[in-house]
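> fold the following and give me the result.
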Amino acid sequence: MTALPHPPTPTAILSFDFDGTLHHPSEQPPVPIAFFQTIRKLREEQGIVWGINTGRSMAQMAEGFVESGFPFLPDWVVAREREIYFPTPSGRWLPDAEWNNRCEKEIHGLFKHAEKLLAHLRHEIEQHTGAQWIEFEGDPAGVISKTEEEMEWIVDHIGPIVAAEPHLSWQRNSIYLRFGHRDFQKGSSLTHVAGRYQLPADRRFAIGDSHNDLEMLDMTNAGMTACPANSVADILRKVVGNGGYIARSTHARGAIEALNHYFLPKKND
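Coordinates of the predicted model:
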């Protein structure tokens, strides 16, 4: 599996969240063929480049490509909301070493500096909720709550505490939360990738459905924003505030609808 032939001069960059936006596990295939047909059409007729901007690790994303039956690879991937990868002509994924190394260095320094604050956060969460504090290599601090309501309580409760460290932030998707560096998230990662193609914000399209897509849907990072009909309320409000496009359809069919709105409008629209 390889990427499509690269356009000589890209005209726009498309950024897609994966789970909940493109990928719907209860459907077969999880990403409809019509989505890839639309991407191929936009590549051939308008010279777009496109990528996946996800909270998954790169290994998990590679599994997602196979599971979803991708006929070709995207031009780039943002994994764990911050790590950037590009495919080789043979289909291997290589990191953007400069960006990824700087990202990990900044996060490591931040977590070391905020060690006491993170310990306080852990104590508060474990004392007041049934949520689980998690630590993995590369993700030294995160939370899994039992319910969405519990996660809402956690987010509201830790907000004032985290404010004491201006560089510390979090990325949330449903009952999962990952602490990280405020400067490295889906939005800043998209802007960095777009710089590779010299594409300004008004030539960047982004679509997502959950809280960890908020920065990606900020107008400073993407001038064309959208969300599928299954998006959480905060995302719907964000896109409405942008004057962006809220699809009537869910998941990838909503993404197709949004692409048609921005790039393939009907003459009578």
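
> what's the average pLDDT for the stretch of helix or strand Glu126 belongs to?
For Glu126, the host element (DSSP states H and E) is helix 115-128. For helix 115-128, mean pLDDT is 93.

> from the chain's centre, how far out is it? Work that out for me.
27 Å (C-alpha atoms, centre = their mean, to the nearest Å).

> could you check the angle the lowest-mean-pLDDT helix or strand in the chain makes with helix 115-128?
Least confident helix or strand of the chain, by mean pLDDT, DSSP states H and E, is strand 139-144 with a mean of 85. Angle, strand 139-144 to helix 115-128, by axes from the mean of the first three to the mean of the last three C-alpha atoms, to 10 degrees: 20 degrees.

> mind checking what helix or strand follows strand 139-144 in sequence?
Using DSSP H and E, the first helix or strand after strand 139-144 is helix 148-162.

> between helix 148-162 and the helix holding Glu126, find me the angle.
150 degrees.

> residues of helix 115-128 that come out buried?
Buried residues in helix 115-128, counted by 16 or more other C-beta atoms under 10 Å: Leu117, Leu118, Leu121, Ile125. Any C-beta I mention is one placed from the backbone N, CA and C, and that applies to glycine too.

> do stretch 175-183 as well
Going by neighbour count (16+ other C-beta under 10 Å), the buried part of stretch 175-183 is Ile175, Tyr176, Leu177, Arg178, Phe179, Gly180, His181, Arg182.

> gap between that stretch and the chain center?
The answer for stretch 175-183 is 12 Å, by C-alpha atoms, centre = their mean.

> mean confidence for that stretch?
For stretch 175-183, mean pLDDT rounds to 92.

> ok, and what's touching that stretch?
Stretch 175-183 has contacts (C-beta atoms under 8 Å, 6 or more residues apart in numbering) with 55, 80-82, 103, 106-107, 110-111, 118, 121, 139-148, 150-151, 154-155, 166-172.
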